[in-house]
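# okay, sequence plus prediction incoming.
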Amino acid sequence: MKRLVPLLAVTVLLSACGLRPVYGGGGHGAVAQALGNVDVQPIEGKAGWLVRNALNDRLSAMSGKGPSYKLVVKLDDQISGFGLRSDAAITRERRTLRARYQLIDGATGTQILDDTAGTDAGIDVTSSEYATIAAEDTALERLSQTIADQIIARLATFATRDRRHEGQ
């Protein structure tokens, strides 16, 4: 009961300030319906495959009944060494994944959103080449999920803003 009181107080305060959840209405809300009709175009490379699958996983959970959209994503995947030992061997790497994405209206072909997302991860380089490659792959999998989350969050924000403007 003692935990419930602060939660209720926060809920009342947030509702008073006009804050509305992005996914109000769950899978049948306005944002979910807008995002449920996004077709993610094929993305080049292993990173592209991972990002596209992550985006499709998130978008397939939403029911689309609004206009259809195409999402075009271009990735830049870089690995750079930055930790050096006295014998000039690299001890650390940074894997950076950047995405430029565009949301295109399926009916008109008009680009309605052009944005970027990016994230990076540090990787320890070990004496085992296998372990280093496995760490690079694991980092890419995590970065792909993070990029997908960033893109979906931005699309949801865009859809929320777009829905508000429609009602005015």
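Arrived safely, thanks for sending.
# helices of this protein, residue ranges please.
4-16, 30-35, 45-60, 129-166 (DSSP state H).
# out of the ones you listed, which gets the lowest mean score?
Mean pLDDT is lowest for helix 4-16 among these, at a mean of 56.
# gap between the two ends of stretch 37-54?
16 Å (CA to CA, to the nearest Å).
# who's in contact with that stretch?
55-56, 59, 64-75, 77, 97, 99, 103, 106, 140-141, 143-145, 147-149, 155 (CB atoms under 8 Å, 6 or more residues apart in numbering). (C-beta placed from N, C-alpha, C; glycine too.)
# buried residues in it?
Going by neighbour count (16 or more other CB atoms under 10 Å), the buried part of stretch 37-54 is 37-38, 40, 43, 47-48, 50-52, 54.
# and the two most separated of these?
Asn37 and Ala47 (25.0 Å; CB to CB).
# and the closest residue to Gly118 other than its chain neighbours, how far from Thr116?
Leaving aside its chain neighbours, Gly118 sits nearest to Arg98 (4.1 Å; criterion: CB to CB, 6 or more residues apart in numbering). Distance of Arg98 to Thr116, given as CB to CB, to the nearest Å: 7 Å.
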